[in-house]
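Student: Take this sequence and fold it.
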Amino acid sequence: MGVNFVVVGGGPAGVQAASYAARLGAHVTVVERDVLGGAANLWDCIPSKAMIATGGMLALMSRASRMGIRKTDLQPDLESIKMRIATITDHLERSNRDLLSSQGVRVIRGEARFLDPFHIAVKLTEGDEIELGGDAILIATGSRPRVPHWAPIDGDRVLTTRQAYPPPEIPEHLIVVGSGVTGVEFVHMFRTFGSKVSLIVSRQQILPQKDPEVAAALEADFLDSGVELYKGARAKGIHRSDDGGVVVECDDGRSVTGSHCLLAIGSLPNYESLELEKAGVQVDQGGYISVDHHCVSNVKHIYVAGDISGKLPLASVATMQGRKVAEHVMGLDSREHRHLDYDKAASAIFTEPEIADVGLAEAEAFALGRKMRVTKVPFAANARALINGDSRGFIKILSDPATGVVLGGSIVGACAAELISVIALAVTANLKVADIVESLLVHPALAEALAEAAD
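Tutor: Numbering: from 1, shown residues only. Sure thing, here's the model as predicted:
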């Protein structure tokens, strides 16, 4: 008899866990209330990056004169953008569904709740209710945008991130509340669509969790493009103006008036409908379910992965958590098995210029009093960047001065999300800067700057 594995939530964590466990011989059932791929496909990662790609094309064409091309007047078409996003997400869902079907995974559309530690009830989309039992159960129900009591979300002028793919109309003047990763991506997205953008920054730096030098580079680009930054201002209220616009009130007495407001101030885990108490699963003070290094909750056969685990809210992390859960469910952790090291997860911000980082940051090393070799090369010295007409940004690599082992890195510039993979591999595999320096890379290529930064 194989292991009966029930996965609640068909996002990146759930799909990966189901697929890998099925390949290893488990009998797998996935319960998903919306579409396979979860919030990452429906509302977050994929739709936002599709819109950013459209904005990127507009931005590229605005720089066409640098490439010897006469400028053309291009405008975004919301209806076409909406259809494009739907086409992409539908394709990805079909791919996920076909994959799981080919592996014998049973997919049930509905909403789950626990009956006891080993059984769940599923309210099917069609209306009936069924019961499922599992030797192992994975909770991967994701998160949703946080909406404070002072924000009157109407889906028209005051929006959450999930109401902006695309919005009802291109804002004339968008006020973005929240200067973290999601917030700055929206700033970039809508300025490329032609909106005037104001950003409410609660601290003195955008991207407060990032390297200050990296944040400063993006800040400078925002200011150059006309973005208004309200630093040290925390939003405390939103109301409609007499002309139908929006006014955001800040706690320092300032107010910002625009046509639309977008909230990007974090997320909350989805667990209210699960009735976790019936399974004995404990939730921490932040509303997340604490897990050990195997993604196991306080109940030994109940696993948790993705945003609801309270770890890094990245689709890539959720996917790897799903894989590790499948390995543990099927007993592979007793063999060669790497635990997830969240400190070595690469992340990217799809602004322009792009930002990506991995491992130890320079400011973090300084705060810890750790000796560090820091080397940096600007893209302005890179032939391919000059050929492409975009030489903004730099590559920075941190290494141990005694051993040469690569400990981290940051990239600001074109294709940063792709280039960071080399540094991420070096960090994960404990490679040395010499391993990068002595690699025979393509010329001309942006990747050459990696070797120069490592030298």
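Student: hey, C-alpha coordinates of the host helix or strand of Cys261 in PDB?
Tutor: Assigned by DSSP states H and E, Cys261 belongs to strand 260-263. C-alpha atoms of strand 260-263 as PDB (Å, rounded to 0.1, in the frame of the first residue of the first chain):
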ATOM      1  CA  HIS A 260      -6.100  56.200  -7.800                       C
ATOM      2  CA  CYS A 261      -4.400  54.500  -4.800                       C
ATOM      3  CA  LEU A 262      -2.800  51.100  -4.600                       C
ATOM      4  CA  LEU A 263      -2.100  49.300  -1.400                       C
END
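Student: For it, give the mean pLDDT please.
Tutor: Averaging pLDDT along strand 260-263 gives 97.
Student: So which bits of it are buried?
Tutor: Residues of strand 260-263 classed as buried: His260, Cys261, Leu262, Leu263 (neighbour count, 16 or more other C-beta atoms under 10 Å). No exception for glycine: its C-beta is placed from N, CA and C like everyone else's.
Student: so which of these comes closest to Ala414?
Tutor: Taking C-beta to C-beta as the measure, Ala414 sits nearest to Leu262 out of the buried residues of strand 260-263, at 25.7 Å.
Student: What's opposite that closest one in the beta bridge?
Tutor: Leu159, Val176 (DSSP bridges).
Student: pretty sure it is touching His173, no?
Tutor: No. Using C-beta atoms under 8 Å as the test, Leu262 is too far from His173 to be in contact (11.5 Å).
Student: tell me the centre residue of the chain?
Tutor: Leu314 (4.4 Å; C-alpha atoms, centre = their mean).
Student: Excluding residues flanking it in the chain, which one is nearest that residue?
Tutor: Ser347 (5.9 Å; C-beta to C-beta, 6 or more residues apart in numbering).
Student: what does Val246 give?
Tutor: Cys261 (4.5 Å).
Student: hang on, isn't that neighbour packed against Val158?
Tutor: Yes. Applying C-beta under 8 Å, one finds Cys261 in contact with Val158, separated by 5.0 Å.
Student: At which residues are the helices of the stretch 351-455 of the chain located?
Tutor: 362-368, 383-388, 416-428, 433-437, 448-454 (DSSP state H, counting those that start in this stretch).
Student: My error: substitute the stretch 201-350 of the chain in the last question.
Tutor: Under DSSP H, counting those that start in this stretch, the stretch 201-350 of the chain gives helices at 212-224, 315-329.
Student: need those helices in JSON lines with mean neighbour count and distance to Gly404, can you?
Tutor: Formatted as JSON lines, the helices of the stretch 201-350 of the chain follow (neighbours: other C-beta atoms under 10 Å; distance: least, C-beta to C-beta, whole Å):
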{"stretch": "helix 212-224", "mean neighbour count": "17", "distance to Gly404": "23"}
{"stretch": "helix 315-329", "mean neighbour count": "24", "distance to Gly404": "27"}
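Student: Nearest to Glu364 among these would be which one?
Tutor: Using C-beta to C-beta, these put helix 212-224 closest to Glu364, at 10.9 Å.
Student: can you state the direction angle for the closest one and helix 416-428?
Tutor: 180 degrees (axes from the mean of the first three to the mean of the last three C-alpha atoms, to 10 degrees).
Student: got a list of contacts for helix 212-224?
Tutor: Contact partners of helix 212-224, identified using C-beta atoms under 8 Å, 6 or more residues apart in numbering, comprise 184, 187, 191, 199, 205-208, 229, 349, 351-353, 355, 357, 362-363, 392-394, 396, 410, 412.
Student: Now the buried members of these.
Tutor: Buried among the contacts of helix 212-224 (16+ other C-beta under 10 Å): 184, 187, 191, 199, 206-207, 229, 349, 351-353, 355, 357, 362, 392-394, 396, 410, 412.
Student: ok so, going back, quick one: the helices of the stretch 201-350 of the chain as CSV, columns for mean pLDDT and distance to Leu386 too.
Tutor: Shown next, in CSV, are those (pLDDT from 0 to 100; distance: least, C-beta to C-beta, whole Å):
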stretch, mean pLDDT, distance to Leu386
helix 212-224, 95, 18
helix 315-329, 96, 31
